[in-house]
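K.L.:
Predicted structure and sequence below. I'll ask about it afterward.
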Amino acid sequence: MAKTVKVVVDLALRKLDKEFDYLVPEELVGKLKIGQLVKVPFGRQKLAAFITELNSQAELPAEKLKYLDKLLYSTAFFDNKLLNLFKWTATYFHAYLIQVIKIALPPGITTAKVSRKEVSYLHLEKKQINVEIELQKLKKRAPKQYQIMQYLVDNQPQDLSLKEVVEYANTSRQTVYRLIDKSLVSVYDNIVRRVPDLIGDNYQIQQPKLEVERNLKKLLFQLETFVEQKAAQTVLLTKKFANPDFDFIFNFLKKMIKLDKNVIILIPEIDKNFSLLKKLQFCFKEKVAFLYSQLSDGERFDEWQRILSGKVKIVAGARSAVFAPLTRVDVIILLDEGKQSYKSQEHPLYHARQVASRRLREEKGLLVLESAAPAVESNYLAKSGQYKLLKLPDKKEVKPKLESKLIDLAQEVEAGNLGDLSRELIAEIENTLSAGKQIILFLNRRGAGNYLICKKCAAVIKCANCDIALNYHQNKNLMICHHCGYQTAKPAVCPECGSKFLSLSGSGTQSIIQQLQEEFPAAKILRFDTDSELKRAEILTKAREESVDIIVGTSMLIKYDYYQRLGLIGVVSADTALNNSNFRAAEETFALLTELKTLLNQSQGDKLLIQSFRPDHYSLQSALAGDYQSFYQKEIDFRQISNYPPFCRLLNIIIQGPVEKKIIKLSHDLNKYLLDFSDYYLEKTEPGPAILGKIRNKYRWQILLKFNSIRKREYLIRLIENKFLDEKENQGETEIRIDVDPYQML
């Protein structure tokens, strides 16, 4: 009887989101494993596919099945445990299984663009020849061959790569092949690991404390006890400052390695915490592997292979590192666990915290959620006893007391100051410059202004592709859309009424710089956001230079263990974060201000000034006081009154496509259908344009639902999928996007 396997093919379509049966060719019988990548005939084409089951019971008789075409990699990229995690993620977040597999695995493997790197090396056959005699012969007859032979002799006993030798001799490979034909040298291939070199040759750090303080020792003992209990548990670990505590991380990991435990560390923003990766590589060397998007495809492929080999005890990386192929996972740590970047905004729309929790439920391991500003849902579960609540002890360090202050912008306007910088902030900038320290002015928007508005008809200049305002960029004299990249020249008149009275509303990086140049003409000012013409690395280098006085930028400038003489941080407008249309706005504002306070604390800074029209808001007041629990109490009251998580489960349905009439009709059809199942949900918004009503030439409408039961939500989603998704696939590019537990409703 012919052997069969089940595979999932590399096509993300609803009708193909299932496993298909294939026969195994005789030459591959006994050689296949779950997680291997194969090529299969599929219709008129051949597709990459992953094996998901061996010796399966086929749904069709053998005579109707096709044979696998070939095995693409001998490596099994995942095992059955990891496959089950992929399947759970796809089911819970309503994604296609192949989407989950592909975001977990190294990029490029399904298209065979990446594989192990093999390098050809040359070996001098000195045992079979008299090297001196052969060199003399070549010196007269073949000077290039002589040059290569002499180079190999000079570097003995090390073999050199063929590429290096050819480049050194400034010749072609044919010259080397002639030496091979003469049996003077031999060539062989060797697999070379592409190493993410994060630290270079001269990197040094202050060694972490091995003799830890009593309170930290107690915490480490508690965590070790939880790990040894081998039961699925979650700990919420709160702390004072937002930056990673490497003394804690180092000592905990050191203990886990000693106990032969495997650990995954998830880091929400790699750029911000890159120094942590450097420290991990410096301290743990071959025992740590890294998985994050800034690595090359080859580096990620090799790191994945190294993890599969079982030689790695620690995996550190971004959101998708939660799927690292460790054969056993004992601990997963989410640093800064409340960060929204743990929730993917692209398919599959998964949250790393929930995936980590599921993985450790199966592995019976410990989940550590670490943060100075935890997600409100996490703190709620800790308060209710579902999570264990622990605190990272404060460091006993003597640092200058940080002064924080809120500045009421309404009072500035009343006093006749219509600029973006308050009188007190300007005075403190002057004082800080006089003291020879650096200043950071933080704002959440780029460009020279938020938007261009007509003072006569109130029309806003919008993107031609997206239903959002264009940002004006002064140095390019362009209006730019930050969602699709559309650019156009700044109009001279209003396109709606023809008026010449167009005014910039709001302030961005460039307009702040212009104001600073007028106030402080001698100061050297550096711009730090994604629109800067300099690369990020160049900006970072300049930011540390003694000559830079003021740095103006967005959240890109928050980088721990970096600034050395920071004296003042000014938040130009805290209202930008508070006024965004997300029920988590207060939570995100508190977290942002906590990060800025941490940045100042690390840099021995003196003062944090926060400008706002809402200085009495509890998130601002609590952040300044460093009092998370005070913030939490106000926020949890708001969530309960408004019926937001953790008091409900959310589902956001986005209907999008290029034809607005179709989108509107489908939205109303879906809404009418949902009305028949009102017993399943608590609340439902009426269908209407999304906050970003048009992006990349796709109109977007949305319906938000609240549930008190995951089971009811799941049932209703299945009804929607069965009723509408098969139909919408026949409607061209019209798409219904299911976002389970959304973090942003844009």
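P.N.:
Perfect, thanks for sending it. Numbering: from 1, shown residues only.
K.L.:
in the stretch 601-746 of the chain, which spans are strands?
P.N.:
Residue ranges of the strands in the stretch 601-746 of the chain, as given by DSSP state E, counting those that start in this stretch, are 607-612, 649-657, 683-684, 688-695, 698-707, 735-740.
K.L.:
between those, which gets nearest to Leu97?
P.N.:
Smallest distance to Leu97 across the strands of the stretch 601-746 of the chain (Cβ to Cβ): 15.0 Å, for strand 735-740. In short, each C-beta sits where N, CA and C put it, glycine included.
K.L.:
other SSEs contacting the closest one?
P.N.:
strand 649-657, helix 710-720 (3 or more Cβ pairs under 8 Å, 6 or more residues apart in numbering; DSSP states H and E).
K.L.:
Test my guess that Ser341 contacts Ile270.
P.N.:
No: at 9.8 Å, Ser341 does not count as touching Ile270 under the criterion of Cβ atoms under 8 Å.
K.L.:
In terms of packing, which of those two has more residues around it?
P.N.:
Taking other Cβ atoms under 10 Å, Ser341 and Ile270 do not tie; Ile270 has more neighbours (18 against 15).
K.L.:
Against Asp302, how distant is the residue nearest to that one when sequence neighbours are not counted?
P.N.:
Distances taken as Cβ to Cβ, 6 or more residues apart in numbering put Tyr292 closest to Ile270, at 4.9 Å, once the chain neighbours are dropped. Note on Tyr292: its distance to Asp302, by Cβ to Cβ, to the nearest Å, is 14 Å.
K.L.:
do the same with Leu578
P.N.:
For Leu578, the distance to Asp302 - Cβ to Cβ - is 45 Å.
K.L.:
Which residue ranges of the stretch 251-400 of the chain form helices?
P.N.:
274-284, 297-308, 352-363, 376-383 (DSSP state H, counting those that start in this stretch).
K.L.:
nearest to Met479, of those?
P.N.:
Comparing the helices of the stretch 251-400 of the chain by Cβ to Cβ, helix 274-284 comes nearest, at 33.6 Å.
K.L.:
what does stretch 379-392 rub up against?
P.N.:
216, 219, 222-223, 226, 233-240, 245, 248, 369-370, 374, 378, 628, 632, 636, 646 (Cβ atoms under 8 Å, 6 or more residues apart in numbering).
K.L.:
thought Asn84 was touching Arg359?
P.N.:
No: judged on Cβ under 8 Å, Asn84 makes no contact with Arg359 at a distance of 9.5 Å.
K.L.:
Between the two, tell me which one has more neighbours.
P.N.:
Neighbour count, other Cβ under 10 Å: between Asn84 and Arg359, Arg359 has more, with 25 against 14.
K.L.:
and the closest residue in space to Val571 that isn't next to it in sequence, how many residues sit next to it?
P.N.:
Residue nearest to Val571 in three dimensions, not counting chain neighbours: Ile610, with 4.4 Å by Cβ to Cβ, 6+ apart. Counted with other Cβ under 10 Å, residues neighbouring Ile610 total 23.
K.L.:
and stretch 462-472, how far out from the chain's middle?
P.N.:
Relative to its chain's centre, stretch 462-472 lies at 26 Å (Cα atoms, centre = their mean, to the nearest Å).
K.L.:
tell me the mean pLDDT for that stretch?
P.N.:
For stretch 462-472, mean pLDDT is 76.
K.L.:
Pull that stretch out as CSV, backbone CA atoms only.
P.N.:
Extracted in CSV, the C-alpha atoms of stretch 462-472 (Å, rounded to 0.1, in the frame of the first residue of the first chain):
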residue,chain,number,x,y,z
LYS,A,462,-6.3,65.1,1.8
CYS,A,463,-4.5,62.2,0.2
ALA,A,464,-5.7,61.2,-3.2
ASN,A,465,-5.6,57.5,-2.2
CYS,A,466,-6.4,57.7,1.5
ASP,A,467,-9.1,59.5,3.4
ILE,A,468,-6.6,61.3,5.7
ALA,A,469,-4.9,64.6,5.8
LEU,A,470,-1.6,65.1,4.0
ASN,A,471,1.4,66.2,6.1
TYR,A,472,3.4,69.2,4.8
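K.L.:
dump the residue contacts of Ser667.
P.N.:
Applying Cβ under 8 Å, 6+ apart, the residues contacting Ser667 are 655, 687-688, 701, 703.
K.L.:
Can you tell me how far it is from Asp679?
P.N.:
22 Å.
K.L.:
for Leu425, same thing?
P.N.:
Taken as Cβ to Cβ, the span from Leu425 to Asp679 is 54 Å.
K.L.:
Please say which of these two ends up with more neighbours.
P.N.:
More crowded of Leu425 and Asp679, by other Cβ under 10 Å: Leu425, with 24 against 6.
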